[in-house]
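Student: Quick check, what structure comes out for this input:
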Amino acid sequence: MLTLIFLIAFIGSCSGFYLPGVAPYDFKRGETVDLKVNKLSSVHTLLPYDYYSLKFCKPKGGVKPYSENLGEFLRGDRIENSAYEINMLEEEYCKVLCQVDLKTKDVTDFKTAIQRQYRHNWIIDNLPAASILDTDQYVSTQYVGYPVGYVESPQAYILYNHVNIIIEYHEVGEDAQRIVGFYVEPLSIKHTYSGDWDGKGAAPALTSCSNKKHLQYDDSKNTHQKVATGKLVFTYGVEWRKSEVHWASRWDIYLSMNGAVPDKVHWFSIVNSILIVLFLAFMVAMILIRALNMDISKYNRLPTDEEKAEEREESGWKLVHADVFRPPSEWPMLFCVLVGTGMQMVVCTFLLILFASIGFLSPANRGSIIIAMLLLFVLMGAFAGFTSARLYKTFKGKQWQRCTLLTALLYPGIVFGTFFLLDIIVWSYGSTGAVPFLSMLGVLALWFCISVPLVFLGAYFGYKKDPLEFPVVTSNIPRQIPEQPWYLNPVVTCLLGGILPFGACFVEMFFIMSSVWMDQYYYVFGFLLLVFVILAVTCAEITIVLCYFQLCAEDYHWWWRSFMTSGSTALYVFLYSIVYFSRLESNMFVTYLLYFGYMAVISLGVFLVTGTVGFFSCLYFNYQIYASIKVD
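Tutor: Predicted coordinates for the structure are as follows:
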C-alpha cells in the first residue's frame, strides 16, 4: 500500500513534461509557416490513405514527403507538403488555392470518403489541426482533424472546399512569436467568378466571397458545394489570434479534449481499483493468514499421547508437500517459454509506462511510443532467456536449445506473422497503413539482430545458475489426487480468477481503447502506471487465494493453474473488445479482420503479463508456507 500511496502522490508531477530535445521555434513577422498534410483517416474503416489519393490541390513544386521515423510508418502516417501559403501574422481572405476538374472516378472517390467519414489531418509547427464545425443548430469543436465533407441526403454529398485556418500565437519578445494553437473551420460554398478560367495562371476575382473579410457559415449555408463532375474551386483564409497560452502548455487542450473527460473519471477508476485490491487483501488476511497460522501451528506441534493412540490423520495442504514442487507433467517446456516471455513483457510494459509517465514519450512526438515499445521489448530479451532457462533447468529439462529458441521465436513470431498477414491485406486496399518494405526489414533486424541474441545471452546465464531450491523434497511416486469439488474445476477457477483483475482496470481500458481505435489522445500515464501496479497486485492476490483452496483440496497441479487463473484476464479483455467494436460502426470485412486480429495479439500479450504475475506470486507463496512447516 505504501507503493500505491507513493504513486498517487507522484501522479501530479506527470502532466506537463516534454520530451527532451523538442524546442520551441520563434517565428518572425512575414516568415513562411509550413502547413503539412498527413494521411486521410477514418475510425470506421481503420484504413488510412495518402492525402493526395483524393483530388486535392497539389503544391506547385510537386508533392514531397517529409522524413518519418519507424513509429510513424507503423502508425500509417504519411506527412507531405501542401499548396497552402501562410506567412506569420499575415491575414488571408478567401484566397484561391486551385481549381480541379472532377471526373467520374474522382466523384466516386470523394463520395466514398465522405460516406466512410474520412478526415483531414493537418500539421503546423508539430501541432495537429483541431476543427470548428458550424451547423444551423450548434458550433462544435473536435480535436482530431476535420471531415472531408458530409452527407446531406442520399443524392447530395457536400464537400468542404473552403477552410478558415485559425492560428493562435504567443508573443515571447520583439518580433518573436510562437504558435500555440491551430484550428480549421471547414465550410462548403459553390464558388463563382467572372469570366472563364481553366485553373492555370492567375485566378480571377471570386464573386461568391469577399477578399476583405473571412467567410462565415451564414455566407455559405445556402450555396453548398455538392460533389459532382466538373470544375471545383478550393479556397482558404488565414486568421491570426493572439493567445496567453504558453508554448509548453499548447498541447494541454488537445490532450484533455478541452476537458471533455474530467480527471475525476480517472480518479473514479483508481478508487474502484483500490477498493478491489483492499477487498482481496482483506480476503488474504482473514482467510489465508488466519487459516495458515492455525495449520502451521497444528502441523508443527508434537502430537499428544491420545492423538498418537488415535493415529491422527492429517489433511489439507501439508499432505501434498512431497508433490507440490513436482514439475508439471504436461508441456513443461512450453510453460517455461510462456513464463520467460511473460517476464519480458512485464518488464517492457512497466518501463514503457514509467517512461511515458515521466514525460519522455510525449504524444507531441509522433511515433515515439511505438518505437519505445519495440526497443524495450527487444532489449528485454535477456530477461526472457534467463527466466525460461533457469525454470527449465529446475524442471530438469534436457532440450535447452529448443527451449531457448522457442522463447526467442514463439510469441514474436505469432505477433510478426499476424502483423505481416494483416499488412498484406491492408496493402491490397492501397492504404498507407501498409508498412513499407524497408520498415518491415527494420523490424526484422531488431528481432533477429538484437532480441534473439539477447535471449540466448540471458539463457546462458540462466543455465549457469543453480536450479531453484525448494524447502521440501519431491517424492519419486506421484500422489493420487482425490476427486475435486465442482467449484475447483480448472475452468471455473480460471473464469473466476480473471473477473476481479479485469474489474480493476476496465475503466482505464476504455480510454486506452479510444486512443488506439478512435484516434483520441491518451496522456494520463501517471494514472496508467498506478492502474498497472493495482492490476499486478490484484492478479497476485486472486491467484494466491485460489491456489490455497486448490492445495487444501490436495490438488498439487498448480503450475499451469496459477498461470491460467490470472491470465484469464485476457479473455475478458477480448470479450470487452467485442463490445467496444460497436463504437466503430463499420460494415467492412477488412475492418473486422484488422480490429480483431490486432486485439487477439494484444489479448495474448495481456495473457502473458497477468499469467506471469500470477505464477510468480504462487511460487513465492508456496515456497513460504512449505518452508514454515516441519516435515518428517
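
Student: For the helix ranked longest in the chain, list every residue counted as buried.
Tutor: The longest helix of the chain (DSSP state H) is helix 589-627. Of all the residues in helix 589-627, those buried under the rule 16 or more other Cβ atoms under 10 Å are 590-591, 594-595, 598-599, 601-619, 621-623, 625-626. All C-beta spots, glycine's among them, are computed from the backbone N, C-alpha and C.

Student: And stretch 503-513, by the same measure?
Tutor: The neighbour-count check on stretch 503-513 (16+ other Cβ under 10 Å) flags 503-511, 513 as buried.

Student: Could you do stretch 468-479 as well?
Tutor: Quick answer for stretch 468-479 (16+ other Cβ under 10 Å): 470-472.

Student: Now flag whichever of those residues is closest to Ser568.
Tutor: Set against Ser568, the nearest of the buried residues of stretch 468-479 by Cβ to Cβ is Phe470 (26.6 Å).

Student: can you pull the contacts of that closest one?
Tutor: 325, 623, 626 (Cβ atoms under 8 Å, 6 or more residues apart in numbering).

Student: Turn these into TSV, columns for pLDDT and distance to Tyr193.
Tutor: Shown next, in TSV, are the contacts of Phe470 (pLDDT from 0 to 100; distance: Cβ to Cβ, whole Å):
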residue	pLDDT	distance to Tyr193
Phe325	84	86
Tyr623	87	83
Tyr626	79	89
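
Student: Nearest to Tyr84 among the residues you listed?
Tutor: Set against Tyr84, the nearest of the contacts of Phe470 by Cβ to Cβ is Tyr623 (66.2 Å).

Student: who's in contact with that closest one?
Tutor: 470-471.

Student: That one and Lys465: what is the separation?
Tutor: The gap separating Tyr623 from Lys465 is 17 Å, by Cβ to Cβ, to the nearest Å.

Student: and if you look at Gly359?
Tutor: From Gly359 to Lys465 the distance is 37 Å (Cβ to Cβ).

Student: more crowded one of these two?
Tutor: Remark: of Gly359 and Lys465, Gly359 carries more neighbours, 17 against 12, as counted by other Cβ atoms under 10 Å.

Student: So which residues of the stretch 201-350 of the chain form strands?
Tutor: Taking DSSP state E, counting those that start in this stretch, the strands of the stretch 201-350 of the chain run over residues 230-242.

Student: Just the pLDDT for the residue nearest to Met343 when sequence neighbours are not counted.
Tutor: Counting by Cβ to Cβ, 6 or more residues apart in numbering, Met343 lies nearest to Thr387, which is 4.3 Å off, once chain neighbours are set aside. Note on Thr387: pLDDT of 93.

Student: ditto for Tyr169
Tutor: 93.

Student: chain center to stretch 118-135: distance?
Tutor: Centroid displacement of stretch 118-135 relative to its chain, using Cα atoms, centre = their mean, to the nearest Å, is 22 Å.

Student: To clarify, my last question referred to stretch 460-477.
Tutor: Offset of stretch 460-477 from its chain centre (Cα atoms, centre = their mean): 38 Å.

Student: picking up where we left off before, closest one to Leu352 out of the contacts of Phe470, please.
Tutor: Tyr623 (29.8 Å).

Student: ok, back up a step: okay, the buried residues of stretch 468-479 in a markdown table with secondary structure next?
Tutor: Converted to a markdown table, the buried residues of stretch 468-479 look like this (DSSP: H, G, I helix; E, B strand; the rest coil):
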| residue | secondary structure |
| --- | --- |
| Phe470 | coil |
| Pro471 | coil |
| Val472 | coil |
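
Student: Show me where this structure dips below the pLDDT cut-off.
Tutor: 1-22, 134-143, 199, 256-269, 272, 284, 287-317, 630-632 (pLDDT under 70).

Student: I am finished for the moment; much appreciated.
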